[in-house]
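Sequence plus predicted model, see below.
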2 protein chains.
Amino acid sequence: MGYLSCLDTVKPVRDAIEVINGKWKLPIIISVMTGNERFTDIQESIPGITPKVLAKELKDLEQHQLIKRVVVDDYPVKILYKPEPYADTLTPIIEALKGWGLNHRKKIFEKE
Amino acid sequence: MGYLSCLDTVKPVRDAIEVINGKWKLPIIISVMTGNERFTDIQESIPGITPKVLAKELKDLEQHQLIKRVVVDDYPVKILYKPEPYADTLTPIIEALKGWGLNHRKKIFEKE
DNA sequence: TATAGCGCTTTCCTAAAGGAAAGTGAAATA
DNA sequence: TATTTCACTTTCCTTTAGGAAAGCGCTATA
């Protein structure tokens, strides 16, 4: 019989997950917010990420208006990735995940 | 040259993502924390989830000690899924995602 | 006896994620 | 002139996620 409705929470959580899903989006946002602007710098700041994946995820994040791709017309042309103001709204999520991750690792180590 | 290190944040965030990854884990935790205990109730409380996926994710969540599977020896046998205390530590993450998701939906609607 | 409910499992399938390695074109540097 | 850097792209491949549909063993109910 009747189940308890949890849609008020489940729906918005799913909306958020859809934007920041996958292994790489939050790490990339964190890197860009930390101040990494160049493709290569972002890549080197995130262990294990490949250029193919990075390029694809940067495009996704641009579409969601979390970062912007800036072409600087020096010679030679420079490409910079900068956080949009909207990226700041992700800070509570990032902090919550960071805190949980730190605690979780501590918990795992205590056990084994 | 040198990139800025963001590993202090990226690493724990990735640890957290590894546990709650995918489309369904948080919705299931939310449903169980809301009070849904039976397999069928959980399934009905989360639109779109199939029994195969639910069964698999419930096993994952049990392994991470976020929920427990309780066999009640009535006749007939009842199977209940209950949140472990550790699930409560996910509340800040869930709340952050919920808040962001609500705001994001508002933002999208304003635009179009 | 037939049907329904519960908690799944099984099979089959597609799509998306992700990784490895190499390459590319333009410009800078040695 | 040769090499390196930058910002990618391309190809190929494997893995994982996830969905659709059916079925299964058990019990309860009509």
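All right, it came through fine.

all strands of chain A, in order?
In chain A, the strands defined using DSSP state E lie at A:67-72, A:78-83.

could those strands go into CSV alongside mean neighbour count?
Glycine gets a C-beta too; all of them are placed from N, C-alpha and C. Formatted as CSV, these follow (neighbours: other CB atoms under 10 Å in any protein chain shown):
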stretch, mean neighbour count
strand A:67-72, 14
strand A:78-83, 16
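
and those strands as TSV, adding mean pLDDT?
As requested, the strands of chain A are exported to TSV (pLDDT from 0 to 100):
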stretch	mean pLDDT
strand A:67-72	95
strand A:78-83	96
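
where does chain A have low pLDDT?
Residue ranges of chain A with pLDDT under 70: A:1, A:111-112.

So which elements touch the helix ranked longest in it?
If you go by DSSP state H, chain A has its longest helix at helix A:91-111. Counting contacts by 3 or more CB pairs under 8 Å, 6 or more residues apart in numbering or on different chains; DSSP states H and E, helix A:91-111 packs against helix A:25-34, helix B:7-20, helix B:91-111.

most tightly surrounded among the ones you listed?
With neighbours taken as mean count of other CB atoms under 10 Å in any protein chain shown, the helices and strands packed on helix A:91-111 reach their highest mean count in helix A:25-34, at a mean of 24.

How far off centre is that helix?
5 Å (CA atoms, centre = their mean, to the nearest Å).

and if you look at stretch A:77-95?
A distance of 8 Å separates the centroid of the chain from that of stretch A:77-95, by CA atoms, centre = their mean.

try stretch A:66-78
Here stretch A:66-78 is found 21 Å from its chain centre; the criterion is CA atoms, centre = their mean.

same deal with stretch A:11-19?
How far stretch A:11-19 lies from its chain's middle: 14 Å, per CA atoms, centre = their mean.

how close does A:Asp41 get to chain B?
Taking CB to the nearest CB, to the nearest Å as the measure, A:Asp41 and chain B are separated by 4 Å.

Report the central residue of chain A.
A:Leu26 (1.7 Å; CA atoms, centre = their mean).

quick one, what contacts that one?
By CB atoms under 8 Å, 6 or more residues apart in numbering or on different chains, the contact set of A:Leu26 is A:20, A:90, A:93-94, A:97, B:13, B:17.

That one and A:Pro47: what is the separation?
Separation of A:Leu26 from A:Pro47 (CB to CB, to the nearest Å) stands at 14 Å.

Can you tell me which residues in chain A are near DNA strand D?
Within chain A, the positions near DNA strand D by CB under 7 Å from any atom of the strand are A:38-41, A:51-52, A:55, A:58, A:69, A:78-80.

tell me the two of the contacts of A:Leu26 that are most distant?
Within these, A:Leu90 and B:Ile17 form the most distant pair, 13.3 Å apart (CB to CB).

how much does the longest helix of chain A deviate in direction from helix B:7-20?
80 degrees (axes from the mean of the first three to the mean of the last three CA atoms, to 10 degrees).

Now do helix A:91-111: distance to the chain's middle.
With CA atoms, centre = their mean, you get 16 Å for helix A:91-111.

Spell out which residues of chain A are next to DNA strand C.
A:1, A:21-24, A:48-53, A:75-77.

now those residues in CSV, with distance to chain B and neighbour count?
CSV is the format used below for the residues of chain A next to DNA strand C (distance: CB to the nearest CB, whole Å; neighbours: other CB atoms under 10 Å in any protein chain shown):
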residue, distance to chain B, neighbour count
A:Met1, 8, 5
A:Asn21, 8, 16
A:Gly22, 8, 16
A:Lys23, 7, 14
A:Trp24, 9, 23
A:Gly48, 9, 10
A:Ile49, 10, 18
A:Thr50, 16, 10
A:Pro51, 14, 10
A:Lys52, 19, 8
A:Val53, 14, 16
A:Tyr75, 19, 5
A:Pro76, 16, 6
A:Val77, 18, 8
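
If anything else comes up later, I'll come back, but that's it for now.
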